[in-house]
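Participant: Take this sequence and fold it.
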Amino acid sequence: MQCVSYYNSPIGRILLAADDIGLVGLWFEGQKYFANCLKEPYQEREVPIFDKAKNWLQVYFSGKEPDFKVPIHFIGTEFQREVWNILLTIPYGQTVTYGEIGKILAAKRGVPHMSAQAVGGAVGHNEISIIVPCHRVVGADGSLTGYAGGIDKKVRLLTLEKANMTSLFVPKKGTAV
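Facilitator: Next up, the predicted model:
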């Protein structure tokens with residue numbers, strides 16, 4: 001059975017969800033695909049994984065890189081899980097492009113090319129925001145696109161991490177607005 005709990009972050013209320021294996025979801029209230037993998041029945045109650053996740057978030061929102069991991073349980077397709085595992089390798093305060101993730105996947109699978117759009121779909125459906133840092137993925141041209149939590153939150157998270165924002169921008173139209 002899944003359990004849920006809430007965390008009040010400096011940039012919005014967050015819903016956490018976990019099962020016996022690990023954290024399955026971390027969503028800003030109202031974000032796109034909110035609680036997409038949450039299965040009924042679930043209970044609102046505190047479990048040890050939430051203590052660890054909330055501690056991680058507290059360290060993170062204090063402007064520091066957490067030096068410990070939260071157990072996670074990815075619920076998604078094999079392709080999505082591959083992409084989400086790559087997201088876990090993006091260093092704190094740095095960004096990568098959807099195309100770069102596509103190249104990593106193509107090399108791993110032994111194929112010549114992997115669609116950046118397919119990667120973008122998997123990144124966009126990441127159920128564990130922040131801890132699985134999909135906010136660190138940007139367009140090839142530096143556009144801040146595709147964050148289900150909202151472009152304003154993506155900017156705040158990257159700013160908190162002191163990412164180099166000089167070549168990044170919010171597009172006038174598209175998936176980021």
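
Participant: Surely S129 and W27 touch.
Facilitator: Yes - applying CB atoms under 8 Å as the test, S129 and W27 come out as touching, 6.2 Å apart. No exception for glycine: its C-beta is placed from N, CA and C like everyone else's.

Participant: neighbour count winner among those two?
Facilitator: Each of S129 and W27 has its neighbours counted (other CB atoms under 10 Å); W27 has more, 26 against 22.

Participant: Convert the helix or strand containing the more buried one to CSV, retaining C-alpha atoms only.
Facilitator: Assigned by DSSP states H and E, W27 belongs to strand 23-28. Below are the C-alpha coordinates for strand 23-28, written out as CSV (Å, rounded to 0.1, in the frame of the first residue of the first chain):
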residue,chain,number,x,y,z
LEU,A,23,9.7,7.0,-2.7
VAL,A,24,7.4,6.7,-5.7
GLY,A,25,6.3,10.3,-6.1
LEU,A,26,7.2,13.9,-5.2
TRP,A,27,5.0,16.5,-6.8
PHE,A,28,4.3,20.2,-6.4
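
Participant: Distance from that strand to the middle of the chain?
Facilitator: When C-alpha coordinates are averaged (CA atoms, centre = their mean, to the nearest Å), strand 23-28 and its chain have centres 9 Å apart.

Participant: before we move on, what about stretch 35-44?
Facilitator: Distance, centroid of stretch 35-44 to centroid of chain: 19 Å (CA atoms, centre = their mean).

Participant: For that stretch, C-alpha coordinates in CSV please.
Facilitator: Taking Å, rounded to 0.1, in the frame of the first residue of the first chain, the C-alpha atoms of stretch 35-44 are listed here in CSV:
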residue,chain,number,x,y,z
ALA,A,35,0.0,12.2,-8.4
ASN,A,36,-0.1,10.3,-11.7
CYS,A,37,1.3,7.0,-10.2
LEU,A,38,-0.6,7.2,-6.9
LYS,A,39,-2.9,4.2,-6.5
GLU,A,40,-5.9,3.9,-4.3
PRO,A,41,-6.3,3.0,-1.6
TYR,A,42,-3.5,4.9,0.0
GLN,A,43,-3.1,6.3,3.5
GLU,A,44,-1.9,9.7,4.7
